[in-house]
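> Pasted the sequence and its predicted model underneath.
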Amino acid sequence: AGSVDGSTAGSVDGSTAGSVDGSTAGSTDGSGADGADTATGGATTGNTDVAPIVRAPVDAQIRLSETLALDGSVTLEGLNNDLAVVQWEKISGPGTANFSNGQSANCAVSFDDVGTYELKLSATHAGRTASDTMQVVVSSDIVNQAPVVNAGSDSTLALDEVLNLAAQVDDDGLPDNTLTGQWSKVSGPGTVTFGEQSATSTTATFNSTGTFVLRFTSSDGELSDNDSISVTVNAATPVEPAGNNVNAANTWQEVNTSDGSKPQARHEAGAIGFQNQFYLMGGRGQRQVNRYNPANNRWENLGVPDMELNHFQPVVYGGNIFVIGALDCCFPSESVVPRVQIFNPSTNTWSQGAQLPTNRQRGSAGTVVYNNKIYMVGGSTNGHDAGMVNWFDEYNPANDQWSTLPNAPNKRDHFSAAVVGNKLVVAGGRQTDHPTTFANLVSQVDIYNFSTGTWTSGAPIPTQRAGAMAVSYGEEIIVIGGEASQGVAALKTVEAYNVTTNKWRTLNSLRTARHSGGAAIVGNAIHVVSGNTTTGGGNETQSHEKLNLD
């Protein structure tokens, strides 16, 4: 009753009672509440006018090669969700977002570039749209990996020996190609002293017997790794006597060659014995490399290096002669030659080796070889104008690795060092400080024990001097010639220090006074060649004399 066309009572056109235009009762624009989502659109007829409720997944982070599952949701309260039209799209980001099915709230997405993306899930129903967004961070497939540490092999040694440590660290260079490391004692009955605790290659000494565990840890700033070794320290082994010493009755003899050949006169030079021949090199100016062969009693010229090399002590390693820490021109503030200079006696050619560490460069130092490592002690960073140091460094030519060792007790320059048994003996020299160039002589004797890694003091040198030459034989270091702080003439004095008795003795004097020439043992004699006969420069000599050992 009351209906003309069968529509709902009170309706003119079949719409819901109380409605003029068919919209939901109490609504003027056809909109409806939809929570936090954004919804837009117009009216629908009947009770199907429901706005979608859209929820995108939470923010995510994936790698470039990965695919991200998108578990979004679209809800139509009281209605079949399939009625909504769903769409995924990229709002922002550096590359392309590839959706497996962009018309489904549940699909997957992948990306073709790294960066930050904003994705939007939207749904439309009955002219009304709602949406929600999410953020996806896409990172590179290259992921930082922890360093891989190999601390080396387990070791056994005597208490008075030094352990050479050599850890290896492999790393991918991430995040910024920086590695730090540290040696530490994990366990053991006593104290472990490391030469340079942060270096992969260093030394360790022990103050008690027993079993120790040492660990090396390396970090790239984000991730780290470590590895350990076991070290068994046994009681110290006694050191055998070094053998016979120079016969004190022997006198120096002038060497006259079979063909009248002579070495080039020079001073601030260096000499070394190799394969029973005597090599003299360097000095003020660019000087020849001269070689003396006692078998035929002749000198020969092997050429001139490309640069001036002075104030150095040459050593032999691997069949070559190494010049480390030479000075160049000019007095009084000579510069340090920054790279190792290498002379090949087989080809008579020079080449350049490793660079000295920037903060440890100096010349006029003592340089020796012990157990296939080269050791450099003392020296001056500024020629003759102060700069004297007591630094002690180890250089391994096999891998070009430098290690810093404990400083010597005294600073000095203008001296030569020598190894006697397992001890490095440093005697003579001065602390050169222009203009009082020849003052400040050093009387103290510093002794480094390679077995224990410690410095001690020996009996003071009887005749203080600089520019002396030094060799070792038997239980002694023999200090030859030099220049004093006063007077014009160089010294003829020859003195020998015995590391076993801690005593000095005087040997017969040189025939020709000199300083800063070259000395080396070849065959059964000490040969002394060239040098300057007065304090400082200006009176270089070609003189060559020898002292038989037995």
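Yes, it's here. Numbering: from 1, shown residues only.
> How many neighbouring residues does the closest residue to S122 other than its chain neighbours have?
With sequence-adjacent residues excluded and distances taken as C-beta to C-beta, 6 or more residues apart in numbering, S122 is closest to S131, at 3.8 Å. The way it works is simple: take the backbone N, C-alpha and C, and place the C-beta from them, glycine included. S131 is flanked by 19 other residues according to other C-beta atoms under 10 Å.
> F438 too?
20.
> so who does it touch?
By C-beta atoms under 8 Å, 6 or more residues apart in numbering, the contact set of F438 is R430, A466, E483, A484, S485, Q486, T535, G536.
> So what sits opposite the first one in the bridge?
The one in question is R430. Counting by DSSP bridges, R430 forms beta bridges with D413, L441.
> Any idea how many residues pack against S100?
So S100, with other C-beta under 10 Å, has 14 neighbours.
> List the contacts of it.
C107, A108, V109.
> if we can go back for a sec, please tabulate the contacts of F438 in TSV, including the columns neighbour count and pLDDT.
Shown next, in TSV, are the contacts of F438 (neighbours: other C-beta atoms under 10 Å; pLDDT from 0 to 100):
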residue	neighbour count	pLDDT
R430	27	97
A466	28	97
E483	29	97
A484	20	94
S485	15	86
Q486	8	80
T535	22	95
G536	16	94
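> how about the residues you listed in JSON lines, adding distance to P94 and secondary structure?
Formatted as JSON lines, the contacts of F438 follow (distance: C-beta to C-beta, whole Å; DSSP: H, G, I helix; E, B strand; the rest coil):
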{"residue": "R430", "distance to P94": "68", "secondary structure": "strand"}
{"residue": "A466", "distance to P94": "69", "secondary structure": "strand"}
{"residue": "E483", "distance to P94": "74", "secondary structure": "strand"}
{"residue": "A484", "distance to P94": "77", "secondary structure": "coil"}
{"residue": "S485", "distance to P94": "75", "secondary structure": "coil"}
{"residue": "Q486", "distance to P94": "79", "secondary structure": "coil"}
{"residue": "T535", "distance to P94": "75", "secondary structure": "coil"}
{"residue": "G536", "distance to P94": "72", "secondary structure": "coil"}
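> got JSON lines for those residues, with distance to E77 too?
Below are those laid out as JSON lines (distance: C-beta to C-beta, whole Å):
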{"residue": "R430", "distance to E77": "98"}
{"residue": "A466", "distance to E77": "100"}
{"residue": "E483", "distance to E77": "106"}
{"residue": "A484", "distance to E77": "108"}
{"residue": "S485", "distance to E77": "105"}
{"residue": "Q486", "distance to E77": "110"}
{"residue": "T535", "distance to E77": "108"}
{"residue": "G536", "distance to E77": "105"}
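> Spell out the secondary structure type for A204.
strand (DSSP: H, G, I helix; E, B strand; the rest coil).
> All further residue positions should be reported with the first residue as 8.
Done: numbering now begins at 8, and the last item shifts to A211.
> hey, where'd the helices end up in the stretch 58-207 of the chain?
Counting by DSSP state H, counting those that start in this stretch, the stretch 58-207 of the chain has no helices at all.
> Quick check: D392 touching C337?
No. Counting by C-beta atoms under 8 Å, D392 stays clear of C337, with 11.2 Å between them.
> Please say which of those two ends up with more neighbours.
Neighbours per residue (other C-beta under 10 Å) separate D392 from C337, with D392 holding more: 16 against 11.
> low-scoring pLDDT stretches of the stretch 108-257 of the chain, where are they?
244-250 (pLDDT under 70).
> can you pull out the strands in it?
113-118, 122-132, 135-146, 155-157, 162-165, 170-173, 175-177, 187-194, 199-201, 208-213, 217-226, 231-241 (DSSP state E, counting those that start in this stretch).
> so the residue nearest to S129 makes contact with E125?
No. S138 lies out of contact with E125 (C-beta under 8 Å); the separation is 11.7 Å.
> burial count for S450?
15.
> Now do the SS call for it.
Taking three-state DSSP, the label given to S450 is coil.
> okay, the strands of the stretch 108-257 of the chain in JSON lines with distance to P352 next?
As requested, these are exported to JSON lines (distance: least, C-beta to C-beta, whole Å):
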{"stretch": "strand 113-118", "distance to P352": "64"}
{"stretch": "strand 122-132", "distance to P352": "62"}
{"stretch": "strand 135-146", "distance to P352": "58"}
{"stretch": "strand 155-157", "distance to P352": "37"}
{"stretch": "strand 162-165", "distance to P352": "35"}
{"stretch": "strand 170-173", "distance to P352": "28"}
{"stretch": "strand 175-177", "distance to P352": "34"}
{"stretch": "strand 187-194", "distance to P352": "38"}
{"stretch": "strand 199-201", "distance to P352": "37"}
{"stretch": "strand 208-213", "distance to P352": "29"}
{"stretch": "strand 217-226", "distance to P352": "39"}
{"stretch": "strand 231-241", "distance to P352": "39"}
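> closest one to T354 among these?
When the strands of the stretch 108-257 of the chain are compared by C-beta to C-beta, strand 208-213 sits nearest T354, at 30.4 Å.
> Report the strands that pair with the closest one, each with its relative direction.
Paired with strand 208-213 in the same sheet, following DSSP bridges, are strand 170-173 (antiparallel), strand 199-201 (antiparallel).
> returning to what we had before: for Y480, which of the strands of the stretch 108-257 of the chain is the nearest?
strand 162-165 (25.8 Å).
> Name the residues of the closest one that come out as buried.
S162, L164 (16 or more other C-beta atoms under 10 Å).
> With stretch 332-346 instead?
By 16+ other C-beta under 10 Å, the buried positions in stretch 332-346 come out as G332, A333, L334, D335, F338, E341, V343, V344, R346.
> doesn't T463 make contact with N456?
Yes. Counting by C-beta under 8 Å, N456 touches T463, with 7.0 Å between them.
> picking that back up, bridge partners for the residue nearest to S129, pull those for me.
T45, S129.
> same thing with N505?
With DSSP bridges as the rule, N505 is bridged to E483, K510.
> check contacts around it.
Taking C-beta under 8 Å, 6+ apart as the test, what N505 contacts is N252, E482, E483, W511, R512.
> and which of those residues is nearest P364?
Closest to P364 out of the contacts of N505 is E483 (32.7 Å), distances taken as C-beta to C-beta.
> ok, that closest one - how many residues close by?
Using other C-beta under 10 Å, E483 has 26 neighbouring residues.
> what do you get for V376?
15.
> Would you mind confirming that it makes contact with Y324?
Yes. With contact defined as C-beta under 8 Å, V376 and Y324 form a contacting pair (6.0 Å).
> Compile the contacts of N505 into TSV and extend it with columns for distance to T444.
Output for those, formatted as TSV (distance: C-beta to C-beta, whole Å):
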residue	distance to T444
N252	34
E482	34
E483	30
W511	26
R512	30
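> Quick one: buried ones out of those residues?
By 16+ other C-beta under 10 Å, those give N252, E482, E483, W511, R512 as buried.
> about what we covered before: select, out of the strands of the stretch 108-257 of the chain, the one closest to N300.
strand 170-173 (36.7 Å).
> Run the chain-centre distance for the closest one.
Chain-centre distance of strand 170-173: 15 Å, with C-alpha atoms, centre = their mean, to the nearest Å.
> Send over it as PDB, restricted to the C-alpha atoms.
Output of strand 170-173 as PDB, limited to C-alpha atoms (Å, rounded to 0.1, in the frame of the first residue of the first chain):
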ATOM      1  CA  LEU A 170     110.000 -15.500  18.100                       C
ATOM      2  CA  ASN A 171     109.300 -14.000  14.700                       C
ATOM      3  CA  LEU A 172     105.500 -13.700  14.300                       C
ATOM      4  CA  ALA A 173     103.900 -13.400  10.800                       C
END
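> Alright, calling it a day.
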